[in-house]
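[1] Everything below, folded, please.
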Amino acid sequence: MNLDIFTLFPEAFDWFREQRPVRKAIESGASFNTRDYREWTPLKGGRVDDSPYGGGAGMVLRVDVVDAALTGVYGETDRPRTVVLTPAGRTLDEALVTELAAEPALALLSGRYEGFDHRVHEHLADDEVSIGKYVLAGGELPAMVVADTIIRRLPGALGDAESAIEESFSDALDGLPEYPHYTRPPEYRGWKIPEILISGDHAKVREWRLEQSIRRGETREGR
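    Residues are numbered from 1 along each chain as shown. So this is what the prediction gives:
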């Protein structure tokens, strides 16, 4: 996987790049790059935005700036699947993560201010993706969320590859939330762990966990 994140604030990803799953994925062959729109902007003084046509508050990232950045990195014809991050996009879920993680390369477009000139959505991006129905100051945090969900799927990212198989909303749990986990001590301030977990009966433990996942799924849906 080659993952490129286009942003006005590449330094925002310094912490993310040092996280263990990201480092391990890179060591195993993945690539993670930040691309600063300002490096390719055709405008003087490193400008990247302008006021919106029709008036209104805020500034809008220009289509020619984004196009210049994509062309500068990929050329005219060899662009990977390109995702613009926007609250109005398809909400990120397990199915979409699986789809994106299967791509050999991805470009994530992080916006700022009032977002992108809509021609970026219409003509330069393949998908619009949202991490939820709320607005953030910029696209850097959504980009990290999308990148994290993808990178942890890559070979070598996790200490135990099994960790990514049976987890919330995975096929292994039929799309249900994961069951609760407990560890030592077995009793703390009178709060005991479920006896079944220390019974040694793996079949019963498996059955209990499935029941808990179903119960959590029903609670989540308000049933």
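
[2] what comes up buried for stretch 20-36?
    Within stretch 20-36, the residues scored as buried using 16 or more other C-beta atoms under 10 Å are 21-22, 24-26, 30, 32, 34-36. Just so you know, the C-beta spots here come from the backbone N, C-alpha and C atoms, and that holds for glycine as well.

[3] Nearest to residue 76, out of the residues you listed: which one, please.
    residue 35 (16.6 Å; C-beta to C-beta).

[4] Show me what the helix or strand harbouring the closest one is packed up against.
    Per DSSP states H and E: residue 35 is located in strand 31-36. If you count contacts as 3 or more C-beta pairs under 8 Å, 6 or more residues apart in numbering; DSSP states H and E, strand 31-36 packs onto strand 2-7, helix 20-27.

[5] Out of the ones you listed, which gets nearest to residue 150?
    Taking C-beta to C-beta, strand 2-7 is the member of those nearest to residue 150, at 6.9 Å.

[6] contacting residues for the residue lying closest to residue 27 once chain neighbours are set aside?
    Using C-beta to C-beta, 6 or more residues apart in numbering and skipping residues adjacent in sequence, the residue nearest residue 27 is residue 156, 6.6 Å away. Residue 156 makes contact with 24-25, 27-29, according to C-beta atoms under 8 Å, 6 or more residues apart in numbering.

[7] okay, those in TSV with distance to residue 101 and pLDDT next?
    Putting those into TSV (distance: C-beta to C-beta, whole Å; pLDDT from 0 to 100) gives the following:
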residue	distance to residue 101	pLDDT
24	15	95
25	11	96
27	18	95
28	14	94
29	14	96
